[in-house]
Every structure is written in C-alpha cells, then in structure tokens.
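J.: The sequence and its predicted three-dimensional model are supplied below.
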Amino acid sequence: MVKIINHIGKNVKLGKNVHIWHFVYIGDNTEIGDNVKIGSLSHIDYNVKIGSNTKIEGLVYIPPLSVIGEGVFIGPRATLTNDPYPMSDRMVGVVVEDNAVICAGAVIKAGVKIGRNSVVGMGAVVTRDVPPDTVVYGVPAKPMYSRSVYDEKRLKWMHSSTIDTP
C-alpha cells in the first residue's frame, strides 16, 4: 500500500473546499482561502497568504512572506523567489495581485509585484514589477500587450481549430 504524505505546518488556516494534491508542503502560519487547488509536489513556505479561488499547479514554489491574491492562476513549475541576493539573511516575498496569471516555468524575482489582471508568459524571468492589466514575457520579461488583447487572443484560441499561440 502506498501512503500519500503531505506536510501541513502549524497554525495553517485552510478555507472551505481546498483541494491539496499529492506530496504538497505547506509551511507554518500560512493562510489559504476558499476554493483553492494546490497541485502535486508544490511547496508553499511559511507565512504565505493565498486568496480564494486560486489555482496553483504542480511543482510550484511559493516562498515565505508572499501574498497571492484572489482568482490567481499559477502554472506548473513556476518559481517565486525570496532572496534577491542569495544567501542573505533578509527575505522578501512576492506579491501577486487578484486575477493575475503566471504561466508554466516562469521565475519571479524576490520583492516583485505582479499587478492585478496581468499575465506572465511561459518561461518568463520577471525582474521588475508588472503593471496591472499587462502581459509580459521573455528573458528578461518585457511588456508585450494589454490584458484585453490577451483575453481576445484566448477567446479566439478557445473557439478556433487552428493553432495560433501568443
């Protein structure tokens, strides 16, 4: 028999209808809102706040002191960092505001703010704050277009049989 082991630290507050998949680590003093999904092998460190209706895919790392808003999507293998000058003794989290999207494999530098309704593209390396309603991608990540253009492209993609990716 295989036993699935998750670690949920001390003083963790879990909202209603939280789904935690296999081999997830949640550190002490973390708060997770309602209707949150956390994918397998994710590591959510201590003193993290995650808003309701957020989806965190597998293999995601969220460092201490980070604040994740409501309705956020964080794609597989995204990494948020907590030390802009490793290995210092001073940590700072990442702030991801409401309804932001962070795509697979993105890396977010410690202390960065991902603005409300913004999108971070796949594999992007974000070293500066992302303004609200902005799509960024690349290495380093740069603004490419607005969230409204992204939403138009997404709708077109969803209703088309052709492949036209961002």
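T.: The structure has been received and is ready for your questions.
J.: show me where the protein has helices.
T.: Here the chain has its helices, by DSSP state H, at 147-158.
J.: how about low-confidence regions in it?
T.: For the chain, the stretches flagged by pLDDT under 70 are 1-4, 162-166.
J.: Quick check, central residue of this protein?
T.: residue 74 (3.4 Å; CA atoms, centre = their mean).
J.: From residue 27, how far off is it?
T.: Using CB to CB, to the nearest Å, we find residue 74 at a distance of 16 Å from residue 27. The C-beta positions use only the backbone N, C-alpha and C, and glycine is treated the same way.
J.: what's the answer for residue 146, then?
T.: According to CB to CB, residue 146 stands 35 Å off from residue 27.
J.: Counting neighbours, go ahead and name the busier of the two.
T.: residue 27 (20 against 16; other CB atoms under 10 Å).
J.: What is the burial count for the residue lying closest to the more buried one once chain neighbours are set aside?
T.: Nearest residue to residue 27 in three dimensions, chain neighbours excluded: residue 46, at 3.3 Å (CB to CB, 6 or more residues apart in numbering). By other CB under 10 Å, 16 other residues sit near residue 46.
J.: I figured residue 46 hits residue 63, correct?
T.: No - with contact defined as CB atoms under 8 Å, residue 46 does not reach residue 63; the gap is 9.2 Å.
J.: ok, now which ones touch residue 28?
T.: Residues near residue 28 by CB atoms under 8 Å, 6 or more residues apart in numbering: 9-12, 46-47.
J.: next one: residue 73
T.: For residue 73, the contacting residues are 54-55, 57, 100-102, by CB under 8 Å, 6+ apart.
J.: can you put those residues in JSON lines and add distance to residue 153 and neighbour count?
T.: Output for those, formatted as JSON lines (distance: CB to CB, whole Å; neighbours: other CB atoms under 10 Å):
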{"residue": "54", "distance to residue 153": "23", "neighbour count": "25"}
{"residue": "55", "distance to residue 153": "20", "neighbour count": "16"}
{"residue": "57", "distance to residue 153": "21", "neighbour count": "21"}
{"residue": "100", "distance to residue 153": "17", "neighbour count": "27"}
{"residue": "101", "distance to residue 153": "13", "neighbour count": "22"}
{"residue": "102", "distance to residue 153": "17", "neighbour count": "30"}
